[in-house]
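**Q** got a predicted structure here, sequence first:
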Amino acid sequence: MRKTTLALALAACAFAGTATAAPLCDGAKLGFAGLLAKCNRGEPIKLTLAAGQPLYEGTQPVKLQSGAYYEIQITADGSQELAITGPEFLRAIWMNEIVISDIEVRPMAVDSLEFDAAGTAKLSFIAIKPGSYDLHIPGTHGETQKVTLQIQ
């Protein structure tokens, strides 16, 4: 009896004080696709891997909504062998797929992607865990060699 009462009290507190993830569109419009619905998609985030160039050209931090669907497009120009890493961010999202040369990969976990030559990779995901995270080029510390993503 005591355990049941405690569990109910904790559940009531959790529901009362928790902000729910708000998709980008009305929940009634999500339909069969759920969170992957077209109306729940944020703007694509475009990153460039090139020697001596900034990783991201837009305003930082990039703000993401928890529960919304996004795509990161990473394009390498082949000027140098470069990678991008950010395991904390990659653990704070649900990865739908990574597409490389029309090959779709549905990974359980990813720490980084490395480009040995020119090419593009697209990561599609749903933002989950609120916080501030960085994607960066390993071994670099400059502000232009990272992008900060905030999941709200």
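**A** That came through fine.
**Q** just give the nearest non-adjacent residue to residue 110, would you?
**A** Excluding the flanking residues, the one nearest residue 110 by C-beta to C-beta, 6 or more residues apart in numbering is residue 90, at 5.3 Å. For every residue, glycine as well, the C-beta is placed using N, CA and C.
**Q** doesn't the one you found belong to a strand?
**A** No: with DSSP: H, G, I helix; E, B strand; the rest coil as the criterion, residue 90 is helix rather than part of a strand.
**Q** buried residues of the helix or strand hosting residue 72, list them for me.
**A** Per DSSP states H and E, residue 72 falls inside strand 69-76. For strand 69-76, a neighbour-count test (16 or more other C-beta atoms under 10 Å) marks 69, 70, 71, 72, 74, 76 as buried.
**Q** residue 107 is in contact with the residue nearest to residue 110, correct?
**A** No: the pair residue 90 / residue 107 is not scored as a contact, 9.2 Å apart, by C-beta atoms under 8 Å.
**Q** quick one: which of those two has more around it?
**A** Comparing residue 90 with residue 107 by other C-beta atoms under 10 Å, the one with more neighbours is residue 90, at 19 against 11.
**Q** which pLDDT does the model give that one?
**A** Per-residue pLDDT puts residue 90 at 96.
**Q** show me the contacts for it.
**A** Residues near residue 90 by C-beta atoms under 8 Å, 6 or more residues apart in numbering: 109, 110, 111.
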